[in-house]
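**Q** 3D model of this:
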Amino acid sequence: MDRKVVLTGDRPTGKLHIGHYVGSLANRVKLQNQDKYDMYVMIADLQALTDNARNPEKVRKSVLNVALDYLSIGLNPNKTTIYVQSQIPALSELNMYFSNLVTVSRLERNPTVKAEIKQKGFGHSIPAGFLTYPISQAADITAFKANLIPVGDDQKPMIEQTREIVKSFNNTYGEILVEPEGIFPPKGQGRIPGLDGNAKMSKSLGNTIYLSDDEDTLRTKVMSIYTDPNHIHKEDPGKIEGNIVFTYLDIFGKNKDKINNLKEYYQHGGLGDVEIKNYLFEVINEVLEPIRKKRKEYEMNPDFVYKMLEEGSRRANKVADETLQEVKKAMGINYFK
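**A** Just a heads-up that it's a prediction; the model follows:
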């Protein structure tokens, strides 16, 4: 049976939140537990440094936090190779070769890059590494000849740019690299809005629920969620559209009949925001409780986590270096055999 290679990862700039969980983390666990896939999950610390170069300690601490989140959601290092990007030298070398196949204007047109540049307020002071990180991402993917990439909808332009780089390389040097395909969340779950009603849940916007939030923190955050500003009194009819509480209930709630009844009741009047927020707290807490429990177990043994990352990086390095040697041979730059 032919096995597909699946690769994905996250930038370590803090802990992971429920938007990550719905967007791609849950998909990774499902894929991991199927025998037809070889899973690689990367902690992209080099990409994190593209806009945190003057705060490397933040990235360093976040590597452990992201690894803890990975283990707590059910990624199994015996089934999935979890590794750290900076520990794989071949990725940086492939990045250099691929950079000659992409124009600056093409990078500037990338919708994901444009959106993130605007969000971070770089203006004209864009770090070169940030602008070129689609090339780095292409190196990350092609080094493992990955077929499938589970990502959020906002990463579609990045996958497309990787495919362009692969085509350009293969047309020039021969069929060496594999064109990847994206695996995207179900319709309507590609991006979770933030607690404040912002279209995106983001650490930088401070509108997130983290996978590691304890019950008290979770309750406080849920009670702060944006609802219908015109639903002042319990008896007032309320709106469902744009009401983040019901958005989250649609995503995380299992009892769809109850949720539909709550929606109808809320729209007609007679249901208060506190009541539906209390129910939402119960729903999300049920999702997070087993994740928190696992995370605490791993937090007590950081040596195990770092050893796992070291072993995963060793395995990943071997695979990536094999691809690098194929690339150099195809390019005719393996001068000293």
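**Q** for the protein, just list every one of the strands.
**A** With DSSP state E as the definition, the chain shows strands at residue ranges 4-10, 37-43, 80-84, 148-150, 181-183.
**Q** so which of the ones you listed gets nearest Pro111?
**A** Judged by C-beta to C-beta, the one of the strands of the chain that comes nearest to Pro111 is strand 181-183, at 14.2 Å. (Glycine included, C-beta is placed from N, CA and C.)
**Q** contacts for the closest one, please.
**A** 6, 27, 31, 147-151, 155-156, 159 (C-beta atoms under 8 Å, 6 or more residues apart in numbering).
**Q** right, and Glu299 touches Leu68 too?
**A** Yes - counting by C-beta atoms under 8 Å, Glu299 touches Leu68, with 6.2 Å between them.
**Q** please enumerate the helices of the stretch 101-250 of the chain.
**A** 104-109, 111-120, 128-131, 133-142, 156-173, 215-223, 244-252 (DSSP state H, counting those that start in this stretch).
**Q** would you mark the buried spots in the last one?
**A** If I follow you right, that is helix 244-252. 244-249, 251-252 (16 or more other C-beta atoms under 10 Å).
**Q** coming back round to it: which one's more surrounded, Glu299 and Leu68?
**A** A side-by-side neighbour count of Glu299 and Leu68, using other C-beta atoms under 10 Å, places Leu68 first with 22 against 15.
**Q** report the contact partners of the more buried one.
**A** 212, 295, 298-299, 305.
**Q** equivalent analysis for Gln267, please.
**A** 237-240.
**Q** now with 6 Å, please.
**A** Gln267 makes contacts with Pro237, as judged by C-beta atoms under 6 Å, 6 or more residues apart in numbering.
**Q** would TSV of the strands of the chain with distance to Glu322 and mean neighbour count be doable?
**A** Below are the strands of the chain laid out as TSV (distance: least, C-beta to C-beta, whole Å; neighbours: other C-beta atoms under 10 Å):
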stretch	distance to Glu322	mean neighbour count
strand 4-10	13	22
strand 37-43	14	24
strand 80-84	14	23
strand 148-150	20	21
strand 181-183	22	16
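**Q** right, and those strands - which one's nearest Arg315?
**A** strand 80-84 (5.2 Å).
**Q** how close does the closest residue to Asn33 other than its chain neighbours get to Met39?
**A** Residue nearest to Asn33 in three dimensions, not counting chain neighbours: Lys79, with 7.3 Å by C-beta to C-beta, 6 or more residues apart in numbering. Using C-beta to C-beta, to the nearest Å, Lys79 is found at 7 Å from Met39.
**Q** give the residues shared as contacts by those two.
**A** Gln32.
**Q** hmm, back to that, nearest to Pro290 among the contacts of strand 181-183?
**A** Looking across the contacts of strand 181-183 and measuring by C-beta to C-beta, the closest to Pro290 is Asn27, at 17.8 Å.
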